[in-house]
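K.L.:
Pasting the sequence and the predicted coordinates here, then a few questions.
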There are 2 protein chains.
Amino acid sequence: MKAEILCVGTELLLGDIVNTNAVFLSRELAKLGIDVYHQSVVGDNSERLKSCLAHAMEQSDLIITTGGLGPTYDDITKETVAELFGLPMELNETSLQEIKSFFARIDRPMTDNNKKQAVMPKGAIVLQNKNGTAPGLIVEENGKAVVLLPGPPREMKPMFLEGVLPYLRRDAQTTLVSHNIHIFGLGESQVESMLRDRMEQLKNPTIAPYAKDGEMLLRITASAEDASHADAMIRPLLSEVSDLLGDAVYGVDSGSLQNAVVQALSENHKKLASAESCTGGLISKRITEIPGASQVFDCGICCYSNEIKRRVVGVSEDTLARYGAVSRQTAAELAAGARRLSHADIGISTTGIAGPDGGTKDKPVGLVYVGVDSDWHREVLELRLSRGYPDERELIRWLASSHALFLALQTIRRLQR
Amino acid sequence: MKAEILCVGTELLLGDIVNTNAVFLSRELAKLGIDVYHQSVVGDNSERLKSCLAHAMEQSDLIITTGGLGPTYDDITKETVAELFGLPMELNETSLQEIKSFFARIDRPMTDNNKKQAVMPKGAIVLQNKNGTAPGLIVEENGKAVVLLPGPPREMKPMFLEGVLPYLRRDAQTTLVSHNIHIFGLGESQVESMLRDRMEQLKNPTIAPYAKDGEMLLRITASAEDASHADAMIRPLLSEVSDLLGDAVYGVDSGSLQNAVVQALSENHKKLASAESCTGGLISKRITEIPGASQVFDCGICCYSNEIKRRVVGVSEDTLARYGAVSRQTAAELAAGARRLSHADIGISTTGIAGPDGGTKDKPVGLVYVGVDSDWHREVLELRLSRGYPDERELIRWLASSHALFLALQTIRRLQR
């Protein structure tokens, strides 16, 4: 089957937003073994959208569109598809009820233009939108299918996974199963050079590397007649690769680093606290993302001046005067202070220069100290996180918070040895 | 002039990488006043690339391609364009010298397939690549132009700015200027129903609405012979719309809400502190994203248990026992406590149920209290932030942090009245 992705939205043509929908859909279709031959973007313009859709229908069997399903007058994808297929538009009562109950739930008035979202081309399969008001739809004609999804990724992704995936799988012969190995502290080329021969050899299961935000993920995927067979094909490779990469593996199917930390704390009945300077609350934000984090984390301090470091967290005046706020010693006292203030078992800390200003020759932008303090282990890491990019403040803060979380995880693991 | 962007690369169709090249080029062309009507992506396949290029040349005057200029056998963009225009390929001596000196500079041997990169369609304008080996090129024919750029953004961007921009500017007639009105607390359909008639009437300048993460942006764009004329056309509309929307406008061209808060604090020489329960550090993370935030914010507490709320922030035991942690009273004492602990001028707080668990009939998921405390203004807002989505913890936290930042901003503004 030849597929193509058509994203509708003038904001994409103006470069206002990155087209993450195309990436998501391409990846999902690749997993299903469906070949995507084209991606395209067109603005909220009826004539050009019609010409693009007509062209797409000539060259592809499956067309997935995103965007242009909203309540406003420039949302025209549905109407254009109906016109091309020669289908009349009609009010879909189920959709209307769902939109009404959505507005009741969020306690906001439903305006008249929201009703437009329940008007559908006759005969369309309606896809429920649990995360917004615009329903999606599938229109089939002459062995071709057009799937219309809303533009906001938060609405589009669940609708694809819950509504479109089962539809596309109807005639799939095999099942794909994947497991993810999460890695911190090794670069993509390092991991690839360790595994390259193995990766090239393998046909089923396969290993695919993904690098993101200073972490790596190896996805092992097998295709078999059912899930349990696919799973059995993956298991031995999972152990082999985990053993090879050792401590750098922070989890298998464990989600984010913060998720692995919260889980490890729970399992070991330990509590964590943080004192953050350069990361400014990012560590506690990441930990409290995880539902139930309050059982293992209840105190995070963002201490963004010497005064707060001293008066609230208890770093000594002498340390700050002698070594400065960005120092191994301050990081150690911040971690100990976080633990003392919170009565937690483990304290972690960050202090560094996130930039763009504030760097010196001795302490350049990207220099970060990350500390941990507990009864059984104390450590401070000196990191150089700048990669010389023009705007890397958020990247440095993110990497520093990841290093602190990974250090916390390693500290918990020491208990299990 | 009608332009379109054609990105070549199978890795884009597989969803392995995000198409940031399209964003960059779209934005740059928009700045020049060149209308981008289409973006598309095609794989490294000669036949499909040819069909896409032919289609693009029918509908557009300017086509910019990225990718497919490398040394390997599947890099075919140049050859395909030459074939379409009926131009012979010939070795370009200048390019060959540049490629040779590039390899000398990075001290690596030049392989034979690198020579292929110096072979060009006859008559092409060659664009030097200072950051890699593949030169770019411009081919003109019958009043149409095809610009071929390399795929890696690190090579493509400087080549565009240094080589293509001056070329495109030769005959640019108009300049586009945009200003953004940032809005909090009004929904997209609300704003649209207030402005719809005006938006439909306007041709130049235009107003375009964008909604994201609980905020709204109205972009006013004018096209004129130069920037100052365009600017003068925008100004009256900017005032008109700002007056109409009143307090909901948190800034013009002010970037994020946190940026507006940091700027307002700086201008008024005030300091802010936060005590966060349900947002768990997100407020302090957002504020410390802004370079220089340490001048106006140095203390944020994530207090994720009753004990820390009481012992560290100073909420009274009685309040917690009588009203509970998620209450108007606790929010008020948290805001006051943040201010007291930090010695800041303004304290803000959040406490609520972010879910997915922990909701009750009286205190459902999404109930959040946001507080502010200062000498001149004290207030607690009760918010219902659930929209009934299946996975809305991060959304609730985000909206709560935005409400707190907006409340801080309004509190600072009271000083100026």
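P.N.:
Noted; the coordinates are in hand.

K.L.:
which phi and psi does the residue nearest the centre of chain A have?
P.N.:
The centre of chain A sits closest to A:S256, judged by C-alpha atoms, centre = their mean, with a distance of 8.8 Å. Per-residue torsions, A:S256: phi -70, psi 160 (degrees, to the nearest 10).

K.L.:
Was I right to think it contacts A:R286?
P.N.:
Yes. The pair A:S256 and A:R286 passes the contact test of C-beta atoms under 8 Å, sitting 7.4 Å apart. C-beta coordinates here come from the backbone N, C-alpha and C atoms, glycine included.

K.L.:
What helix or strand is A:N129 located in?
P.N.:
Under the criterion DSSP states H and E, no helix or strand holds A:N129.

K.L.:
any idea of the pLDDT on it?
P.N.:
A:N129 is assigned 90 on the pLDDT scale.

K.L.:
Identify the residue nearest it in space, chain neighbours excluded?
P.N.:
Sequence neighbours aside, A:P135 is the residue nearest to A:N129 in space, at 5.2 Å (criterion: C-beta to C-beta, 6 or more residues apart in numbering or on different chains).

K.L.:
That neighbour: neighbour count?
P.N.:
For A:P135, the neighbour count with other C-beta atoms under 10 Å in any protein chain shown is 27.

K.L.:
Might you report the residue contacts of it?
P.N.:
A:69, A:92, A:95, A:98-99, A:117-118, A:120, A:126-129 (C-beta atoms under 8 Å, 6 or more residues apart in numbering or on different chains).

K.L.:
Check A:D345 too.
P.N.:
Contact analysis of A:D345 by C-beta under 8 Å, 6+ apart lists A:270-272, A:339, A:374-375.

K.L.:
Could you check how far the closest residue to it other than its chain neighbours is from chain B?
P.N.:
Spatial nearest neighbour of A:D345, chain neighbours left out: A:K270 (4.3 Å); criterion: C-beta to C-beta, 6+ apart. Note on A:K270: its distance to chain B, by C-beta to the nearest C-beta, to the nearest Å, is 15 Å.

K.L.:
circling back to that earlier point, so what's the backbone phi/psi at the residue nearest to A:N129?
P.N.:
Per-residue torsions, A:P135: phi -70, psi 150 (degrees, to the nearest 10).

K.L.:
per-residue pLDDT, it?
P.N.:
A:P135 is given a pLDDT of 91.

K.L.:
and stretch A:313-320, how far apart are its ends?
P.N.:
Stretch A:313-320 has its terminal residues 12 Å apart, counting by C-alpha to C-alpha, to the nearest Å.

K.L.:
Can you name the residues of the stretch 251-400 of chain A sitting close to chain B?
P.N.:
Taking C-beta under 8 Å from any C-beta of the partner chain as the measure of proximity, the stretch 251-400 of chain A contacts chain B at A:279-285, A:287-289, A:291-294, A:297-305, A:307-308, A:312, A:341-342, A:355-357, A:393-394, A:397.

K.L.:
Swap in 6 Å and give it another go.
P.N.:
A:280-282, A:284-285, A:288, A:291, A:294, A:298-302, A:304-305, A:308, A:356 (C-beta under 6 Å from any C-beta of the partner chain).

K.L.:
In ChimeraX, how would I select the buried members of those?
P.N.:
The ChimeraX selection below is limited to those of those classed as buried (16 or more other C-beta atoms under 10 Å in any protein chain shown):
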select /A:280,281,282,284,285,288,294,298,299,300,301,302,304,305,308
